[in-house]
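1. below is the structure, and that's it, no one-letter string:
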């Protein structure tokens, strides 16, 4: 009986994980999503934070949680966020290459653009690829200190 309860508990956890909203739209047209973000940045006077990642990536999911947690006020004040799904490093690579291949050292990766699509900052050394160990404070500090203010 105890064995079956354990199996049942694991099944419930698996179902809840499947039913949870995923941060990356695997069916979105990345170029259209990016253009919408640039348009919104122009209208709002903000920068665009492009986050490259995938739903299978635990660090990507942790970064997304942080972007909606303590870091949310900082992000919302400065950025229009655009999330681009890179699948298993085999999707939307044209967009990734457009910004200098920031996913080369892992995902999640981020690029900050001005509203005219000029790169202001890009992760090149896998700075966010260990987001699950950075924690909310580390992610907040990263965006507060490393990413430039409006230019």
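-> Done, it's in. Small disclaimer: the values here were computed from a predicted structure and weren't measured.
2. and residue 82, how many neighbours does it have?
-> For residue 82, the neighbour count with other Cβ atoms under 10 Å is 23. From N, CA and C alone the C-beta is placed, and that goes for glycine too.
3. how far away is residue 70 from residue 104?
-> For residue 70, the distance to residue 104 equals 28 Å [Cβ to Cβ, to the nearest Å].
4. can you give me the helices in this structure?
-> Under the criterion DSSP state H, the chain contains helices at 2-19, 30-44, 58-67, 72-78, 93-98, 131-141.
5. closest one to residue 122 among the ones you listed?
-> Among the helices of the chain, helix 93-98 comes nearest to residue 122, with 10.5 Å by Cβ to Cβ.
6. avg pLDDT for that closest one?
-> Averaging pLDDT along helix 93-98 gives 97.
7. contacting residues around that helix?
-> Residues outside helix 93-98 that contact it (Cβ atoms under 8 Å, 6 or more residues apart in numbering) are 30, 31, 34, 52, 84, 86, 102, 103.
8. residue contacts, the first one?
-> Applying Cβ under 8 Å, 6+ apart, we find residue 30 in contact with 84, 85, 91, 92, 95.
9. quick check, central residue of the chain?
-> residue 51 (3.6 Å; Cα atoms, centre = their mean).
10. any regions of this structure where pLDDT drops low?
-> 1-20, 147-151 (pLDDT under 70).
11. thought residue 113 was touching residue 102, still the case?
-> No. At 11.6 Å, residue 102 does not count as touching residue 113 under the criterion of Cβ atoms under 8 Å.
12. the two: which is more packed in?
-> residue 102 (26 against 23).
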